[in-house]
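1. predicted model, plus sequence, below.
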Amino acid sequence: MKTALLIIDVQNEYFASANGKFDQFNVDTIVQNIAGYAKTAEQNGELVIGVQHLMAKDYPLFAEGSHGAKLHSSVAGILADKPLVQKRHADNFLNTNLIEILKENGTQQVDICGIMTQNCVTHTALSPLAKAYKIRVLSSLCTAPTELIHQIALGALADRAWIEVI
């Protein structure tokens, strides 16, 4: 089964260490694990896709062109030569080129990791446009503002998506 790894919103805005405005639970460890997993996935022939959330230039978070909107250094190098989906919604499929990228590569399964579990991860996993794919959420490679919010989101998602601890 041809698999794509979707790395969602690993951007400076989520890191206090990068002067971000919205620090996340255990984010530094999570993104190092994402980076390691992405390298392995690529070596195994999987397509790796980056996702970047961008908002209007005057928006308080992810303002287009801002330092906070840039991909974090933990994944920027890994994603430099990979397809990049830029979005303005929590659902990574909504009004983006994600479906085209997946179709061009014959993808059947989408593995999801990144930030934030309760928002972009769940909205993407539950997207009506995701129904054409086997969706797997890599729970240990996702994070949220707190561990409790992360666990609540995974619990709510478990009835409708394939959750796997990696």
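-> Thanks, I have it. Numbering: from 1, shown residues only.
2. and the longest strand for this structure?
-> strand 134-143 (DSSP state E).
3. partners of that one, with directions?
-> According to DSSP bridges, strand 134-143 forms sheet pairs with strand 109-115 (parallel), strand 162-164 (parallel).
4. of the ones you listed, which shows the lowest average pLDDT?
-> Among the strands paired with strand 134-143, strand 162-164 has the lowest mean pLDDT, at a mean of 83.
5. just the buried residues of it, please?
-> I163 (16 or more other C-beta atoms under 10 Å). All C-beta atoms are positioned from the backbone trio N, CA, C, and that covers glycine.
6. for that strand, what is the distance to the chain centroid?
-> From the chain centre to the centre of strand 162-164 is a distance of 15 Å (C-alpha atoms, centre = their mean, to the nearest Å).
7. list the contacts of it.
-> Contact with strand 162-164 is made by K134, I135, R136, V137, L138, S139, L154, L157, as judged by C-beta atoms under 8 Å, 6 or more residues apart in numbering.
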